[in-house]
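Peer 1: my questions are about this predicted structure, shown below with the sequence.
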Amino acid sequence: MIAGLDHWRTLEARQQPVWPDSDAARAASEELATLPPLVFAGEVDQLRDRLADAATGHAFLLQGGDCAETFAGATADQIRNRVKTVLQMAVVLTYGASVPVIKMGRMAGQFAKPRSSDTETRGEVTLPAYRGDMVNGYDFTLESRTADPRRLVRGYHTAASTLNLIRAFTQGGFADLREVHSWNRGFAANPANQRYEGLARDIDRAIKFMEAAGADFDELKRVEFYASHEALLMDYERAMTRIDSRTGTPYDTSAHFVWIGERTRQIDGAHVDFLSRVRNPIGVKLGPATTPDDMFRLVDKLDPHREPGRLTFVTRMGAGTIRDALPPLLEAIKSEEVSPVWVTDPMHGNGLTTPTGYKTRRFDDVVDEVKGFFDAHRDAGTVPGGIHVELTGDDVTECLGGSEHIDEATLATRYESLCDPRLNHMQSLELAFLVAEELGSHR
Ligand SMILES: O=C[C@H](O)[C@H](O)COP(=O)(O)O
Ligand SMILES: C=C(OP(=O)(O)O)C(=O)O
Ligand SMILES: [Mn+2]
């Protein structure tokens with residue numbers, strides 16, 4: 001046992017499944033602890049350096065993927081479409097920001113969900129809530145909704161095969177800049193996206209200029225792509241934590257970057273304690289009720305040495321709230337010797353449920369929160385360091401609006417998410433073009 005790494009066991013860990021068979025849960029954790037790490041500590045260090053650049057405005061983070069990945073959704077097509085969407089967005093953002101874009105998936109481990117309620121009721125029947133494929137099944141039967149720790153091991157293997165394909169796509173030629181740009185040209189050529197044609201043309205010209213100037217496009221066929229998820233299930237994250245042979249320090253090798261959710265960021269809770277002890281760059285979600293005092297306590301606990309790139313704050317305030325809730329945090333932090341990466345999650349403060357029962361979000365609210373985020377940073381003189389979105393590369397109908405004008409009646413046609421509504425491929429690209437415009441005007 002490694003000193004301190006198990007201290008969380010004495011603290012309250014919220015949002016954990018109740019495993020009916022504790023022996024089976026222990027066996028699953030023990031098995032996980034024998035399996036190879038999913039990421040290498042050297043890659044994690046590299047990401048920390050990249051995030052240090054995002055904190056000072058010399059890079060910009062794009063973090064995106066499903067709310068809840070599923071085992072069934074870990075297919076070649078779906079993984080490719082998500083990677084493709086992130087790559088396409090990244091090219092547009094790179095142009096807008098004129099700095100490198102750090103590409104990160106909510107992928108290869110985003111299998112566990114915190115829930116508002118422990119149970120779900122349909123008609124006369126009440127069952128445990130769905131908590132993600134690494135905990136239980138979505139089917140509404142007692143058998144499926146009962147937490148099964150063997151799912152932890154299946155989650156590991158699904159993460160491994162997802163990451164394997166991500167590495168193949170991003171290292172094997174699929175990420176070629178000219179190819180990715182040609183996909184974006186297709187997007188902008190759609191009459192619905194006429195508004196973005198000008199920016200697409202500017203990028204086109206920039207690439208032609210690079211070509212003429214002799215840029216080595218072979219060098220631009222490979223991109224760094226990082227994996228991230230919410231570190232929610234203590235049984236998984238603890239078992240995946242290993243001592244790095246180079247430095248003798250612990251790394252959570254389940255992903256390059258892990259974050260603590262809004263519901264589990266209690267300063268004296270298990271998640272904050274455990275993640276304070278691993279070397280990975282760590283995110284914390286901050287909702288609209290966060291006070292400067294909450295924020296400073298998190299900084300002191302998670303980043304006591306004020307290490308560049310160590311800490312990312314992901315604000316998820318809501319479009320109607322961000323302009324009031326974010327400025328006091330930014331003003332307070334300015335006076336301190338600490339510069340976290342500030343990232344906007346414009347999704348989780350903007351949920352609504354339609355009369356027909358669909359969880360959805362309005363594209364316009366998402367855009368408005370992003371604008372409020374940039375405005376707040378501009379006013380405070382702090383650095384907007386990135387964007388965190390729930391998205392898919394597929395043509396789903398889960399969020400309202402966008403250039404395809406998805407309305408409430410359309411939601412039912414392809415609503416596939418098992419948890420929160422995601423931007424579809426077109427909405428994601430549209431958001432990237434809008435954020436690129438903001439970045440262009442911010443810098
Ligand atoms: O992804 C986020 C949370 O799990 C989700 O918003 C909670 O949703 P619920 O209120 O349906 O439990
Ligand atoms: C649960 C999530 O977010 P939050 O913790 O901000 O509610 C999420 O990112 O899916
Ligand atoms: Mn979510």
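Peer 2: Yep, that arrived. Numbers count the residues shown, from 1 in each chain. Ligands and ions are numbered 1, 2, ... in the order given.
Peer 1: in the stretch 301-443 of the chain, which residue sits nearest ligand 1?
Peer 2: Distance from ligand 1 to each residue of the stretch 301-443 of the chain (CB to the nearest ligand atom) is smallest for Asp420, at 4.6 Å. Every residue, glycine included, has its C-beta placed from N, CA and C.
Peer 1: quick one: that residue from ligand 2, how far?
Peer 2: Taking CB to the nearest ligand atom, to the nearest Å as the criterion, Asp420 is separated from ligand 2 by 6 Å.
Peer 1: so that residue sits in a strand?
Peer 2: No: remark: Asp420 does not belong to a strand; assigned using DSSP: H, G, I helix; E, B strand; the rest coil, it is coil.
Peer 1: that one: how many residues sit nearby?
Peer 2: Other residues near Asp420 come to 18 when the count uses other CB atoms under 10 Å.
Peer 1: is it true that it touches Asn350?
Peer 2: No: the pair Asp420 and Asn350 fails to qualify as a contact (CB atoms under 8 Å) at a distance of 10.3 Å.
Peer 1: from ligand 3, how far out is whatever residue of the chain ends up closest to ligand 2?
Peer 2: With CB to the nearest ligand atom as the measure, the residue in the chain that lies nearest ligand 2 is Gly261; the distance is 3.1 Å. Note on Gly261: its distance to ligand 3, by CB to the ion, to the nearest Å, is 9 Å.
Peer 1: quick one on the thing from earlier: and the closest residue to the residue of the stretch 301-443 of the chain closest to ligand 1 other than its chain neighbours, what does it touch?
Peer 2: The spatially closest residue to Asp420, leaving aside those adjacent along the chain, is Cys67, at 3.7 Å (CB to CB, 6 or more residues apart in numbering). Listed by CB atoms under 8 Å, 6 or more residues apart in numbering, the contact set of Cys67 reads Arg106, Gln110, Lys113, Glu390, Ser417, Cys419, Asp420, Pro421, Arg422.
Peer 1: which residues of this structure lie near ligand 3?
Peer 2: Counting by CB under 5 Å from the ion, the residues of the chain close to ligand 3 are Cys67, Asp420.
Peer 1: in the chain, which spans are strands?
Peer 2: Read by DSSP state E, the chain holds these strands, from start to end of the chain: 60-65, 101-106, 119-122, 125-128, 225-230, 241-243, 250-252, 257-260, 282-286, 311-315, 341-344, 351-353, 359-361, 384-390.
Peer 1: switch those strands over to CSV; also include mean neighbour count and mean pLDDT.
Peer 2: Formatted as CSV, the strands of the chain follow (neighbours: other CB atoms under 10 Å; pLDDT from 0 to 100):
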stretch, mean neighbour count, mean pLDDT
strand 60-65, 27, 98
strand 101-106, 26, 98
strand 119-122, 10, 97
strand 125-128, 15, 98
strand 225-230, 26, 98
strand 241-243, 17, 97
strand 250-252, 23, 98
strand 257-260, 26, 99
strand 282-286, 25, 98
strand 311-315, 24, 98
strand 341-344, 27, 98
strand 351-353, 12, 98
strand 359-361, 21, 98
strand 384-390, 26, 98
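Peer 1: okay if I get the ones you listed as TSV plus distance to Arg201?
Peer 2: Below are these laid out as TSV (distance: least, CB to CB, whole Å):
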stretch	distance to Arg201
strand 60-65	22
strand 101-106	20
strand 119-122	49
strand 125-128	53
strand 225-230	27
strand 241-243	48
strand 250-252	43
strand 257-260	34
strand 282-286	35
strand 311-315	33
strand 341-344	27
strand 351-353	36
strand 359-361	30
strand 384-390	23
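Peer 1: nearest to Thr34, of those strands?
Peer 2: Among these, the nearest to Thr34 by CB to CB is strand 241-243 (10.8 Å).
Peer 1: quick one: that closest one to chain centroid distance?
Peer 2: 23 Å (CA atoms, centre = their mean, to the nearest Å).
Peer 1: name the helices or strands packed onto it?
Peer 2: For strand 241-243, the helices and strands in contact under the criterion 3 or more CB pairs under 8 Å, 6 or more residues apart in numbering; DSSP states H and E are strand 250-252.
Peer 1: residue in the stretch 251-400 of the chain nearest to ligand 3?
Peer 2: Each residue of the stretch 251-400 of the chain has a distance to ligand 3, by CB to the ion, and the smallest belongs to Glu390, at 5.5 Å.
Peer 1: follow-up on the earlier one: from Glu336, how far off is the residue of the chain closest to ligand 2?
Peer 2: Applying CB to CB, to the nearest Å, the value for Gly261 to Glu336 is 24 Å.
Peer 1: what of Thr162?
Peer 2: Going from Thr162 to Glu336 by CB to CB gives 38 Å.
Peer 1: ok, those two, which is more surrounded?
Peer 2: Using other CB under 10 Å, the more surrounded residue of Thr162 and Glu336 is Thr162, with 25 against 12.
Peer 1: contacts only, for the more buried one.
Peer 2: By CB under 8 Å, 6+ apart, the neighbours of Thr162 are Glu69, Ala74, Ile79, Met107, Ala108.
Peer 1: one more: Met347?
Peer 2: Arg316, Arg361, Val366, His388, Val389, Glu390, Asp420.
Peer 1: that older thread, counting neighbours, what do you get for the residue of the chain closest to ligand 2?
Peer 2: Other residues near Gly261 come to 22 when the count uses other CB under 10 Å.
Peer 1: surely it is in contact with Gly269?
Peer 2: No: counting by CB under 8 Å, Gly261 sits too far from Gly269 to count as a contact (11.1 Å).
Peer 1: which residue is the nearest non-sequential neighbour of Leu32?
Peer 2: Computed as CB to CB, 6+ apart, the closest residue to Leu32 that is not its neighbour in sequence is Ala239, at 3.7 Å.
Peer 1: any idea how far stretch 425-435 is from the chain center?
Peer 2: Distance of stretch 425-435 from the chain centroid (CA atoms, centre = their mean) equals 16 Å.
Peer 1: stretch 317-330 now?
Peer 2: Shown here is stretch 317-330, whose average C-alpha point lies 20 Å from the average C-alpha point of the whole chain (CA atoms, centre = their mean).
Peer 1: buried residues, it. List them.
Peer 2: Residues of stretch 317-330 classed as buried under the neighbour-count rule (16 or more other CB atoms under 10 Å) are Met317, Gly318, Ala319, Thr321, Ile322, Arg323, Ala325, Leu326, Pro327, Leu329, Leu330.
Peer 1: cool, stretch 73-82 as well?
Peer 2: Of the residues in stretch 73-82, those buried by neighbour count under the rule 16+ other CB under 10 Å are Gly73, Ala74, Gln78, Ile79, Arg80, Asn81, Arg82.
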